[in-house]
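*Asks:* using only what follows, build the 3D model:
(one chain, ligands or ions: 1)
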Amino acid sequence: MAVENEIPILDQVGECLRAAPAHRRRTDRPFVTLSYAQSLDGSIADRPGRPLALSGPQAMAMTHGLRASHEAILVGIGTVLADNPRLNVRLAAGPDPQPVVVDSRLRFPPYANLLKNRRSPLIATNEGADAERQQALEAAGARVLVLPGSNGWVDLAGLLRHLGLIGINSLMVEGGAQIIASFLSSRLVDQVVLTIAPLLVGGLRVVDHLGHSSRRRLPRLKHLSYQQLGDDLVLRGEPDWDG
Ligand SMILES: NC(=O)c1ccc[n+]([C@@H]2O[C@H](COP(=O)([O-])OP(=O)(O)OC[C@H]3O[C@@H](n4cnc5c(N)ncnc54)[C@H](OP(=O)(O)O)[C@@H]3O)[C@@H](O)[C@H]2O)c1
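*Replies:* Below is the predicted model:
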C-alpha cells in the first residue's frame, strides 16, 4: 500500500541541492545530507564492525541516486573496516562522488576497495598520525589531509571548511554510527534521508553512540516527506536546529 502524499525523495533532494553552491558561499562549507538505513528499532548494523544489508533493492537504487547527486560522500573508518564499501554509483545513472574517509589514526587498510575506484579517496586525519602510514597510503593512490586534532578525533567543522575551500558544494554522509552521532551533535546536518526497513535487529543503534561528541539535544525534523520504496519507508526532512 502506498503512503499518502507520497513525494519522490530524489526530486526533492535535487531541488534542495540546487541551492548548495549558494549555501557553500554563505557558510563556507558544503550542504550536508545525512543518509543511512535503519531497522524499526533504530539499528544500523547487527553489531559494531559487522555489515548488515537493511535496504531493499529499490531503496538501494535511491541511495545510489543520492550518491550521484552529491559532489562528495563521507564515511568513518569504522565503516571502511566493517563494510569495505566502494561508495560509487552502480545502481543509478550519474557521476561518482568524491569519497572522503574520516580516520584520525590512519587505520585505512591497503586492501580497501576505495583504492580501486576511479576517484581516489581523500582521507582526513589528525596531526601526529603515523608518517609512514601516510606515505604508504599516498603511494597507494589516496590523498591524505592532515587537520589539527579535536579530542583525538578529526575536527568535522574544520574538514567541512576544507571541502568548502576546494569547491565541494554538497556532501552526503553515509555513516556509520559514530560519524552520524558526531555530525548530529555538531549540528552539521542540513538534510536527513532515512531508509526504514521493516525488520527488528536489536543491534548497533545510532543515537546510543554519541562517542566523544557533546550530548546536545537532537533536533526534530521539519519539512517532512515520505516515500515507500518496495518494503522500505524513506523519510526526508531538515533538522530544526533553532526549534
Ligand atoms: N545502515 C547503514 O546505513 C550504515 C551505513 C554505514 C555504516 N553502517 C555500519 O556502521 C558500522 C560502523 O560504524 P562505527 O560507528 O563503528 O564506525 P564509523 O562511524 O564508520 O567510524 C567511526 C570512527 O571514525 C573515526 N573518527 C575520526 N573522527 C571522528 C569524528 N569526529 N566523529 C566520529 N568518528 C570519528 C574514529 O576512529 P579513529 O579513532 O580510529 O579515528 C571512529 O571510531 C558498521 O557495522 C557498518 O556496517 C551502517
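
*Asks:* contact partners of stretch 56-65?
*Replies:* Residues outside stretch 56-65 that contact it (Cβ atoms under 8 Å, 6 or more residues apart in numbering) are 9-10, 35, 37, 55, 89-92, 94, 195, 197, 227, 229-232, 234. C-beta: built from backbone N, CA, C; applies to glycine.

*Asks:* next SSE downstream of the lowest-mean-pLDDT helix or strand in the chain?
*Replies:* Least confident element among the helices and strands of the chain, by mean pLDDT, DSSP states H and E: strand 149-150 (a mean of 70). Per DSSP states H and E, strand 149-150 leads on to strand 153-154 as the next helix or strand towards the C-terminus.

*Asks:* pull out the buried positions in stretch 59-66.
*Replies:* Taking 16 or more other Cβ atoms under 10 Å as the basis for neighbour counts, the residues of stretch 59-66 that come out buried are 59-66.

*Asks:* make CSV from these and add secondary structure and distance to residue 82 to it.
*Replies:* Shown next, in CSV, are those (DSSP: H, G, I helix; E, B strand; the rest coil; distance: Cβ to Cβ, whole Å):
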residue, secondary structure, distance to residue 82
59, helix, 20
60, helix, 17
61, helix, 22
62, helix, 22
63, helix, 17
64, helix, 20
65, helix, 24
66, helix, 21
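
*Asks:* as TSV, those residues with distance to residue 190 and pLDDT would be great.
*Replies:* Listed next are those as TSV, based on distance: Cβ to Cβ, whole Å; pLDDT from 0 to 100:
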residue	distance to residue 190	pLDDT
59	21	97
60	23	97
61	23	97
62	19	97
63	18	97
64	21	98
65	18	97
66	14	98
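
*Asks:* what subset of those is also close to the ligand?
*Replies:* Applying Cβ under 6 Å from any ligand atom, the subset of the buried residues of stretch 59-66 adjacent to the ligand is empty.

*Asks:* of the residues you listed, which is the nearest to residue 178?
*Replies:* Within the buried residues of stretch 59-66, the smallest distance to residue 178 is 20.0 Å, found for residue 63 (Cβ to Cβ).

*Asks:* now the closest one: how far from residue 115?
*Replies:* With distances defined as Cβ to Cβ, to the nearest Å, the gap from residue 63 to residue 115 amounts to 22 Å.

*Asks:* now, which of the buried residues of stretch 59-66 sits nearest the ligand?
*Replies:* Compare each of the buried residues of stretch 59-66 with the ligand using Cβ to the nearest ligand atom and the shortest gap goes to residue 63, at 8.3 Å.
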